[in-house]
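Asker: Need the 3D shape of this:
(2 chains)
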Amino acid sequence: MRNTLSGIAVALFASTMLVGAASAETLRWARQSDALTLDPHSQNQGVTHTFNHHIYETLLDRDVEGNLQARLATDWYVKEGDETVWVFELREGVTFHGGEEFTAEDVVFSIERAKSENSNMRQLHADVESVAAVDDYTVEFQMAGPSPLYPNNITNTFIMDKGWSEENDLTEVQDFAAGEENFAVRNTNGTGPYVLAERDPDVRSVLTVNEDWWGDAPAVTEIVYTPIADNATRVAALLSGEVDLVQDVPVQDIERLAGTDGIKVETGPENRTIYFGYAMDDEPLISSNITDENPFANPLVREAMSLVIDREAIRQVVMRGQSLPTCVNMPPFVNGWTEELDACPAVDVERATELMAEAGYPDGFSVTLDTPNDRYVNDEAIAQAVVGMLGQIGIDVTLASRPVAQHSPLILNNETDFYLLGWGVPTFDSAYNFNDLVHTKDDEYGTYNIGLYSNPEVDEMIESLGTMTDLDARNAVIADIWAQVQEDRVFIPVHNQVLAYAMRGDMTLAVHPENQPSMTGVVFE
Amino acid sequence: MLAFIFKRLGQSILVMLAVALIAFIMFRYVGDPVASMVSQEASIADQELLRERLGLNDPFYEQFFRFIVNAVQGNFGISYRLQTPVAELVMSRLPATIELALTSATIALVFGILAGVFTALNRKNPAAAAIMAFSLIGVSLPTFLIGIGLIYIFAVELQWLPSFGRGQVIDFGWWTTGFFTETGLRSIILPAITLSLFQMTLIMRLVRAEMLEVLRQDYIKFARARGLSKRAINFSHALKNTMVPVITIAGLQLGSIITGALITETVFQWPGIGSLFLSSVAVVDVPVMAAYLIFVGFVFVVVNLIVDILYYVVDPRLRVGAAKGH
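Answerer: Here you go, the predicted model:
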């Protein structure tokens, strides 16, 4: 009798399990590389953030249109009467995967951790002087001065549980010099929609849905995440049905995949502009046959160069249609972007030749162009195309192509005359570009001002942006700076990159401008 | 004998030190790890801080000495990329590479010897000619092309075998194996064939040449004259003598199979140390790169040491020389 009863119980249990399994939807997701670490504050890198967004949550994040939206914070505003304080109201009833309740203390702890010396996120919180919990669900950030755009900086700063972190000795971000691993590299405790079930770096990670998540239950209940480094293999895995979703689709495969039965490709603009830059100071170039002066310092030469670069040809031939040509160094999502800035003048070789002669280089000059060959979509091929275009006006370009690991030090040490680079704007505001690319290079500003452009007036305007609270006035200053930057031709922008996600035909996932798709957004037919 | 082994061991340690030194000098030129570790807005001051923390500003000899002292204790530091101890990382990847290498070596040996014998004995047979022609493909096509081709045929078109990964694995303590699961076995087929193709061709051609050589020898003629069966002559007389050089080469090739797995592992996303090395190179993860090179050096040194000792045991002439006090 007892046996029969327990038999029935087992059968009942099994049948409820079956119901559960029938509605469960596993998504097998492949991309080029793996998240570097699960410690949320130790790396500021897109692939790592994308993965961690499924486990941990941020106060705010961005939707697929690039707008800020509420996440663990439900409301955020500048404190009345004090422009230097940001107030965040927190979501109630949220729990961590370990069962701990989410409160203001966790936010204070996490922001302080993200600001600590070993954190790779600290730059984003440099203006935060202190964080304090007003009550369980309200946090105040004391800023160094008015920081109207600070909420843009927190979309990748994840909130950890204070108790759990202290228990596991995680108050500090891992210190490489100590030569020890920390607990958070492989273990997680977030509030996010998925719970880590399995982690084998570079090989396979499994996430299962968090039944207690505060948001709407996602259609995907299990994620199997596999990095596949080789482009051809990754695409083959989708074609053979071994994976459902592939990120980092090579441009040459987009058309073919889109034409394959049962496969769908979603494309959309990425928050990244590809551009050329050059040395603009008075020092003679390192690689040129003109040794007494810097031809790039002459504005006429810069104008001529921009005139002969055929962006439309690059889009059609090099990028196979997968790019958005632009003449301003920022993608359309960014505050400060206008259609006029984006528009390009027609290619005019004749006028460019005249300009070169006017500048005193009727026979042109020679120069080396440095480009990475493994960083951006078809980076080397773009540079190659431009070599031919500049040849038309006598600029004899030698191409020096390197992996990004070698290209970066060259760039950061200003050891290049002429270079290709890509720039993303995670804060979605022009000030980000100005701070790093346009402001005169020093310890804090101008890290990527490779051409050593320097204009004290512009510097002053850039610095003023940080504390301006009247957004209209601020936008006017941004427009003025862009006007100056365009007039001085600080950059030769080429295009905004386009992202492509390839997936099986019965699902939909929109392209995220920061290439940080969330699997909670997947819809099945 | 003991003196010989000690001398050999001493030489091996010198070789290992040289490998470590060369590896270290090379890493000075592969790029800046900091550039790939920090975000695009990290200030110059912050980057300098990280460089200091990683010890990259110390003089070269200091970094090298620190590395050797730690390496001897089995401590290869922390991977810059994955932030976990390198020794642990390499150990967790090693089973995959060893299983792949052994499977490939077995395939290469079995099929190489069979095909070699067959083509040597049936020189006029069209099938033998076809095998010889096919073997040219094995030596001339690059590994990644063979791999992609196999993936296209067997994974995408026919959908018989998986295109990537290792399938389901079972843990035995620190050893993970795919040999006891269906997906594990199916997963190893394509990469193992890809990796074995070159060695297979090599062994086949070697066996064939040696066999033809041996078949011309007088003792084979005698054997024929004595009326021994063809099978007895071919397999117990001829093949046996063919095998001596084949075993030597095959032993040495095992080392290059393990190290040559780089490309195959990447094409098939096989989670071994080869693919670990390649993904580390991309971001200048110096501790992993150094550990890998040391490992490769170690494999070759050990294989050579064993071969040398075996020669010493097998070949009496070496021992006589040693007894005379050379």
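Asker: Tell me the residues of the stretch 151-300 of chain A that contact chain B?
Answerer: For the stretch 151-300 of chain A, the contact set with chain B under Cβ under 8 Å from any Cβ of the partner chain comprises A:174-177, A:179-182, A:185-186, A:200-204, A:226-230, A:232-234, A:236-237, A:239-242. The way it works is simple: take the backbone N, C-alpha and C, and place the C-beta from them, glycine included.
Asker: so of the residues you listed, which ones are in strands?
Answerer: Judged by DSSP state E, these include A:200, A:204, A:226-227 as members of strands.
Asker: any chance of those residues in JSON lines, with distance to residue A:266 and pLDDT too?
Answerer: JSON lines is the format used below for these (distance: Cβ to Cβ, whole Å; pLDDT from 0 to 100):
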{"residue": "A:200", "distance to residue A:266": "28", "pLDDT": "91"}
{"residue": "A:204", "distance to residue A:266": "24", "pLDDT": "92"}
{"residue": "A:226", "distance to residue A:266": "20", "pLDDT": "95"}
{"residue": "A:227", "distance to residue A:266": "20", "pLDDT": "94"}
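Asker: returning to that earlier point: quick one: buried ones out of the residues of the stretch 151-300 of chain A next to chain B?
Answerer: By the neighbour-count criterion of 16 or more other Cβ atoms under 10 Å in any protein chain shown, those include these buried positions: A:174, A:176, A:181-182, A:185-186, A:200-204, A:226-230, A:232-234, A:236-237, A:239-240, A:242.
Asker: quick one, what contacts the nearest residue to residue A:518 once chain neighbours are set aside?
Answerer: Closest residue to residue A:518 apart from its sequence neighbours, by Cβ to Cβ, 6 or more residues apart in numbering or on different chains: residue A:53 at 6.0 Å. Counting by Cβ atoms under 8 Å, 6 or more residues apart in numbering or on different chains, residue A:53 touches A:61, A:158, A:192, A:516, A:518.
Asker: what about the second one, distance to chain B?
Answerer: The one in question is residue A:158. Look at residue A:158 and chain B: by Cβ to the nearest Cβ, to the nearest Å, they are 15 Å apart.
Asker: and that residue, bridged to which residues?
Answerer: Taking DSSP bridges as the rule, residue A:158 bridges to residue A:58.
Asker: and it, how many neighbours?
Answerer: Residues near residue A:158, counting by other Cβ atoms under 10 Å in any protein chain shown, number 26.
Asker: ranges for the strands of the stretch 51-200 of chain B?
Answerer: Under the criterion DSSP state E, counting those that start in this stretch, the stretch 51-200 of chain B contains strands at B:170-172, B:175-177.
Asker: Redo those strands as a markdown table? Include distance to chain A and mean pLDDT.
Answerer: Converted to a markdown table, these look like this (distance: least, Cβ to the nearest Cβ, whole Å; pLDDT from 0 to 100):
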| stretch | distance to chain A | mean pLDDT |
| --- | --- | --- |
| strand B:170-172 | 11 | 85 |
| strand B:175-177 | 9 | 87 |
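Asker: Next, format those strands as JSON lines and append mean neighbour count and distance to residue A:389.
Answerer: Below are the strands of the stretch 51-200 of chain B laid out as JSON lines (neighbours: other Cβ atoms under 10 Å in any protein chain shown; distance: least, Cβ to Cβ, whole Å):
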{"stretch": "strand B:170-172", "mean neighbour count": "10", "distance to residue A:389": "57"}
{"stretch": "strand B:175-177", "mean neighbour count": "16", "distance to residue A:389": "53"}
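Asker: got those strands as CSV, with distance to residue A:298 columns?
Answerer: Shown next, in CSV, are those (distance: least, Cβ to Cβ, whole Å):
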stretch, distance to residue A:298
strand B:170-172, 66
strand B:175-177, 63
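Asker: What's the separation between the residue of the stretch 251-400 of chain A found nearest chain B and residue A:368?
Answerer: At 6.9 Å from chain B, residue A:374 is the closest residue in the stretch 251-400 of chain A, using Cβ to the nearest Cβ. Per Cβ to Cβ, to the nearest Å, residue A:374 is found 19 Å from residue A:368.
Asker: Please enumerate residues in contact with stretch A:324-334?
Answerer: Contacts of stretch A:324-334 with the rest of the structure, by Cβ under 8 Å, 6+ apart, involve A:66, A:269-273, A:275, A:306, A:311-312, A:314-315, A:336-337, A:341-345, A:423, A:425, A:428-430, A:433, A:437, A:482, A:485-486, A:490-491, A:493-496, A:498, A:513.
Asker: so where's the chain shaky on pLDDT?
Answerer: Since no chain was named, I'll use chain A. Scanning chain A for pLDDT under 70 picks out A:1-23, A:176-179.
Asker: Wait, chain B was what I had in mind.
Answerer: Using pLDDT under 70, chain B drops low at B:28, B:36, B:39-41, B:314-326.
Asker: try 50 this time
Answerer: Chain B contains residues with pLDDT under 50 at B:323-326.
Asker: Can you classify the residue nearest the centre of it as helix, strand or coil?
Answerer: The structure's chain B has its C-alpha centroid closest to residue B:258; by Cα atoms, centre = their mean the separation is 1.9 Å. Following DSSP: H, G, I helix; E, B strand; the rest coil, residue B:258 is assigned to helix.
Asker: now it: how far from residue A:493?
Answerer: Remark: distance between residue B:258 and residue A:493 (Cβ to Cβ) = 47 Å.
Asker: Which strands and helices lie in contact with the longest strand anywhere in chain A?
Answerer: For chain A, the strand with the greatest residue count under DSSP E is strand A:263-278. If you count contacts as 3 or more Cβ pairs under 8 Å, 6 or more residues apart in numbering or on different chains; DSSP states H and E, strand A:263-278 packs onto helix A:251-258, helix A:379-391, strand A:418-424, strand A:492-504, strand A:507-508.
Asker: Kindly reformat these as JSON lines containing mean neighbour count and distance to residue A:81.
Answerer: Below are the helices and strands packed on strand A:263-278 laid out as JSON lines (neighbours: other Cβ under 10 Å; distance: least, Cβ to Cβ, whole Å):
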{"stretch": "helix A:251-258", "mean neighbour count": "16", "distance to residue A:81": "53"}
{"stretch": "helix A:379-391", "mean neighbour count": "19", "distance to residue A:81": "50"}
{"stretch": "strand A:418-424", "mean neighbour count": "23", "distance to residue A:81": "36"}
{"stretch": "strand A:492-504", "mean neighbour count": "23", "distance to residue A:81": "41"}
{"stretch": "strand A:507-508", "mean neighbour count": "16", "distance to residue A:81": "46"}
